[in-house]
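In: can you look at this prediction? I've put the sequence above it.
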There are 2 protein chains.
Amino acid sequence: MNGAQALLRTLIDAGVTTCFTNPGTSEMHFVAALDTAPEMRAVLTLFEGVATGAADGYSRMAGKPAATLLHLGCGLGNGLANLHNARKGRVPVVNIVGDHATTHVGYDAPLQSDIETIARNVSTWVRTSKSAQELSRDAVDAIAAATGPSRGVATLILPADVSWSDGAQPMPLHPFAMPPVATNETIAAIAGALSGGGKTALLLGGRALREPALLAASRIAQATGAALYAEVFPTRLERGAGLPAVERIAYFAEMASVQLAGLDHLILVDAKAPVSFFAYPGKQSYLVPDGCRLHELASFTQDALGSLEALVDRLGAREVKPLLQEPSVLARPSGALTTDKACQAIAAVLPVGAIISDEAQTSGSKLASLTARAPRHDLLTLTGGAIGQGLPVAVGAALACPDRPVFALAGDGSAMYTIQALWTMAREQLNVTTVIFNNRSYAILNIELQRVGAEGAGEAAKSQLDLSTPALDFVAIGHGMGVPSVRVESCEELNAALDRAVTEPGPHLIEAIVPSAFSGWKLKALPHVMNALGKIPQPMAKALKRKIAP
Amino acid sequence: MNGAQALLRTLIDAGVTTCFTNPGTSEMHFVAALDTAPEMRAVLTLFEGVATGAADGYSRMAGKPAATLLHLGCGLGNGLANLHNARKGRVPVVNIVGDHATTHVGYDAPLQSDIETIARNVSTWVRTSKSAQELSRDAVDAIAAATGPSRGVATLILPADVSWSDGAQPMPLHPFAMPPVATNETIAAIAGALSGGGKTALLLGGRALREPALLAASRIAQATGAALYAEVFPTRLERGAGLPAVERIAYFAEMASVQLAGLDHLILVDAKAPVSFFAYPGKQSYLVPDGCRLHELASFTQDALGSLEALVDRLGAREVKPLLQEPSVLARPSGALTTDKACQAIAAVLPVGAIISDEAQTSGSKLASLTARAPRHDLLTLTGGAIGQGLPVAVGAALACPDRPVFALAGDGSAMYTIQALWTMAREQLNVTTVIFNNRSYAILNIELQRVGAEGAGEAAKSQLDLSTPALDFVAIGHGMGVPSVRVESCEELNAALDRAVTEPGPHLIEAIVPSAFSGWKLKALPHVMNALGKIPQPMAKALKRKIAP
């Protein structure tokens, strides 16, 4: 068999059975080989950023990686932002990038570029396969790199002649070592810190936000009084009724500082020490308060769950009951639509087992609090901050979990980066309900413009944040890509559209016309905003008010 | 003034007065500074690939560079494919990429990435500005690098604190040397080759495809019998009635080989030796025939026009009349729409001074021959082969030449890569007529699948090239982004839509429903196809037929 046929067989044998594609001429032998490999589901996208984001979303939910098929360095460039997000979320992706034939590279043809260099930015592993005979071994190594301890994006560059040459054979995956549990010394030191009487918190990230780890963390919290925080943008957070609650570190550094104020010990579990998302003049980037001691229970290459369980045992907390969220059904909102009411409508209709891909930015600011006691669901967020992830991740999640309803929440600005995802939702008839909050602006930047203290911003500046001329019509755009779409301007209309979306199979798009969540917002009102976000208890909001508006 | 204000003033003083933007938080001080710099036209895009492609198109037509404003490494990634095209076309672009504040970089915040490494792939010059005091000097160096002899993309990385820090001053552009003319020895050698009696051709590229260079080249051709060829994908080709004709080297290598067959001397003028776009099993990548001697009259860092003029003088051809295309008005087509008739309709309506951004792929294959004697126009093509350039380049060209009508021709597949360009056309009310040839497939790949000899391609493979499920509705998509849009399914409808588009100001979108140009095409029919392209004289097509279908 030729290289492409052996590659596909190797991927399938290793469980990699979904591939998100946007192929070109150099990938035609891979495409032709699909007819020899019916177990591989090749999902065509119209833009590479959809393919890479979908591979990320699939992998987050399936517990095994998806592959991509991209066309040369330019296709990789188009997919780069969502590979960045996958990298930051440490999500396994087998990123296959076609290249010119090895004999062709020297001619500097128009599409020639340095693929390896571009790939290195987002990859834990990069290799250009040298021959059809070596390709299956390369693929096995790529899968091992993607799913192993340093998990992330493994980029396999596939020259056209490596695909088309004969004499290749598939190869089975080799076993690899499980990541280690924290040492006894580390666990003893952390148990001591938690029992020492100071103010303590666990910061959970990565794989420590799945149910078993959350249950262990909650036992620890109940036994020691430690607070539970999650990283700002979780890769996959299991939450809702019946699961332990965990408060996410706020995006706004001013707010995160309040959350972390007064801590004596912060214990990292597959998470990094919190830093500000952006820098602001005169403000600190590092958010761990002075005098707070950092501990690392498990790095991202260690076994977070095993380490938490060992800590539970060390603390004698095995029989402590975790604190689980009680279910609570919210009333359906009525009247004029606001962003908060839109989030309430979604929370009220959320089916058990739903998957939420959240890129709603400011419009979704109340979503976390409103869905905290909703039926159990998974939340997938913008791990690397590169906008344009939400819709593609929903595509991948829906393919990984065909029996679970998926909600993709996007702002009007963010939806436009990878809007081509709608077509793949229609083509594959995915059970995704896309809700686009259309406030006709880059609303977050209206806030950031104030936060960075940019003075003298007048009409020219504000025009750069304004999406009202012309207003985007997402119903038309949705129809244009084959997705049943509806515009809602009241809570009643939204409720009805959501009912229809969760009842009828296949994709739906709901364009919710909303005012900006923080319209007319002033920096001095930050504590109010934070309180509105529902994440900060009132006393903290008051402390914050003293801090930022003295 | 702060860094951002000084940067804007430096750009404006150097004539860089258009900036294509998609800013984020780290660019907010640049955005705020726009109100101090009313001479700078900041053009918002919804996706960075639109911004970079528009900067390319602007620069091709304005004769001076545009700037971009991108958000960090991920924004650069999104813009990378069209920067690749600008690089391959050697188009000056001042590519400004915001970065985290220098104090923030060490914290590995979510959006942290290695911007310089990504930028190097597409840039002739990369620098991260170190301070507000150095920023104007950095900008001057960037403009010099973009427009100097090694012209191309100059990437200036702009940390947020360099923007916001005070104490900066603008700086004037420093003069730089003009590129040199070919040496007397080179000119003498080439004049000898042209006069030696063998079969000769000039291959013109880059800046040698503008009127003055074409006139000189035509004088040389008339005096010596040399053929005139243009590179496959010209950056900017001036053509039509009243200008010399120049035949483009064909995209299909099989066809290019026929064009070049039997040549004794090939003279490169700001062009590279022709190579196949992709590699194919068992076929050569290098297309210069055995025994043909290559000469370089002017490399891309030399003065192509001056070198051609010197060659004219050396050949004593100053008084030779260039061979100019006679004008010819085509009849407007009627009846059922085909791709050829659609091209004829465009040729028949083309106003004098039009600009065509051509990314119509297979559907536009007859465009070149049908517009050869149309009113004088500029043709901008896909210089680097990275699809998604056509609509953005049209945006930039329309801003550079507000008094000239712009036509953006795209396939359905190619249009979807940077479809967000439509919104900027509407927002800026650009005089762009976008014609999307919707054949509901990646038609070129149906041909490539055969050309690469991929065997066993069945339904799974063909499904990867099929865009019919669901069919994209570009009228809906156009309306969704604020562009008046119409679908045409007959020649009469297309003629009427074109009349309206050239009469009414502002953007228009015409979705032409067409059959695939090479529907049911078989490899054996290649000579027929090539003949249909109208670029190959009948005898050559016959020779080709002998060659590929023995």
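Out: Received the coordinates, thanks.
In: from now on I want contacts and neighbour counts done on CA atoms only, so please keep to that.
Out: OK.
In: from the stretch 251-400 of chain A, which residue is nearest to chain B?
Out: Here the residue of the stretch 251-400 of chain A nearest chain B is residue A:384; by CA to the nearest CA that distance is 4.7 Å.
In: these two touch, right, that residue and residue A:85?
Out: Yes. Assessed by CA atoms under 8 Å, residue A:384 is found in contact with residue A:85 at 4.1 Å.
In: which residue packs closest to residue A:516, ignoring adjacent ones?
Out: Of all residues beyond its chain neighbours, the one nearest residue A:516 is residue A:439 (5.3 Å), with distances taken as CA to CA, 6 or more residues apart in numbering or on different chains.
In: phi, psi for that neighbour please.
Out: When quoted as degrees, to the nearest 10, the phi and psi of residue A:439 stand at phi -100, psi 10.
In: what parts of the stretch 451-550 of chain A come near chain B?
Out: Taking CA under 8 Å from any CA of the partner chain as the measure of proximity, the stretch 451-550 of chain A contacts chain B at A:452, A:454-461, A:464, A:469-482.
In: return the members of the residues you listed classed as buried.
Out: Buried residues within these, defined by neighbour count using 16 or more other CA atoms under 10 Å in any protein chain shown: A:452, A:454, A:457, A:460-461, A:464, A:469-482.
In: tell me the pLDDT at residue A:525?
Out: Per-residue pLDDT puts residue A:525 at 60.
In: and residue A:116, how many residues sit next to it?
Out: Residue A:116: 17 surrounding residues under other CA atoms under 10 Å in any protein chain shown.
In: can the helix or strand where it lies be found next to chain B?
Out: Assessed by DSSP states H and E, residue A:116 sits inside helix A:115-120. Yes. Helix A:115-120 lies within reach of chain B by CA under 8 Å from any CA, at A:117, A:118.
In: which residues in the stretch 451-550 of chain A form strands?
Out: Using DSSP state E, counting those that start in this stretch, the strands of the stretch 451-550 of chain A run over residues A:485-488, A:508-513.
In: among the ones you listed, show me which one is buried the most.
Out: Of all those, strand A:508-513 has the most neighbours on average by mean count of other CA atoms under 10 Å in any protein chain shown, namely a mean of 25.
In: centre of the chain versus it, how much separation?
Out: Remark: strand A:508-513 is offset 21 Å from the chain centroid, using CA atoms, centre = their mean, to the nearest Å.
In: which pLDDT value goes with the residue nearest to residue A:487 when sequence neighbours are not counted?
Out: Spatial nearest neighbour of residue A:487, chain neighbours left out: residue A:511 (4.6 Å); criterion: CA to CA, 6+ apart. On pLDDT, residue A:511 comes in at 98.
In: tell me the contacts of residue A:511?
Out: Contact analysis of residue A:511 by CA atoms under 8 Å, 6 or more residues apart in numbering or on different chains lists A:435, A:436, A:437, A:438, A:474, A:475, A:485, A:486, A:487, A:488.
In: helix, strand, or coil at the second one?
Out: Here residue A:436 is strand, with the state taken from DSSP: H, G, I helix; E, B strand; the rest coil.
In: how many other residues sit next to it?
Out: When neighbours are counted by other CA under 10 Å, residue A:436 registers 26.
In: quick one, strands of the stretch 301-450 of chain A?
Out: Assigned by DSSP E, counting those that start in this stretch, the stretch 301-450 of chain A shows strands spanning A:354-359, A:377-380, A:406-411, A:432-438.
In: of all of the stretch 1-150 of chain A, which residue lies closest to chain B?
Out: Proximity to chain B, evaluated over the stretch 1-150 of chain A using CA to the nearest CA, is greatest for residue A:32 at 4.3 Å.
In: quick one on the thing from earlier: show me the buried ones among the residues of the stretch 451-550 of chain A next to chain B that map onto helices.
Out: A:460, A:461, A:474, A:475, A:476, A:477, A:478, A:479, A:480 (DSSP state H).
In: the domain parsing of chain A - what is it?
Out: When chain A is parsed with automatic domain parsing, its domains come out as A:3-164, A:184-314, A:339-519.
In: right, and the ones you listed - which one's nearest residue B:123?
Out: domain A:3-164 (11.6 Å; CA to CA).
In: what residues sit buried inside the helix holding residue A:116?
Out: Within helix A:115-120, the residues scored as buried using 16+ other CA under 10 Å are A:115, A:116, A:118, A:119, A:120.
In: wait, the last one touches residue A:126, no?
Out: In this case it means residue A:120. Yes. Contact criterion CA under 8 Å: residue A:120 and residue A:126 qualify, at 6.5 Å.
In: pLDDT score for the residue nearest the centre of chain A?
Out: The residue lying closest to the centre of chain A (CA atoms, centre = their mean) is residue A:381, at 3.5 Å. The pLDDT attached to residue A:381 in the predicted structure is 97.
In: isn't residue A:479 up against residue B:473?
Out: Yes. Residue A:479 is within contact range of residue B:473, at 7.4 Å (criterion: CA under 8 Å).
In: the stretch 51-200 of chain A: helices as residue ranges?
Out: Along the stretch 51-200 of chain A, the stretches classed as helices by DSSP state H, counting those that start in this stretch are A:72-88, A:115-120, A:132-147, A:160-164, A:184-194.
In: ok, the fourth one near chain B or not?
Out: In this case it means helix A:160-164. Yes. Contact of helix A:160-164 with chain B (CA under 8 Å from any CA) involves A:160, A:161, A:164.
In: counting neighbours, what do you get for the residue nearest to residue A:374 when sequence neighbours are not counted?
Out: Counting by CA to CA, 6+ apart, residue A:240 is the residue found nearest to residue A:374 once chain neighbours are left out, at 5.2 Å. Neighbour count for residue A:240, taken as other CA under 10 Å: 26.
In: how about residue A:240, phi and psi?
Out: The phi/psi pair for residue A:240 (degrees, to the nearest 10) reads phi 110, psi -170.
In: residue contacts, it?
Out: Residues near residue A:240 by CA under 8 Å, 6+ apart: A:325, A:327, A:371, A:372, A:373, A:374, A:375, A:376, A:377.
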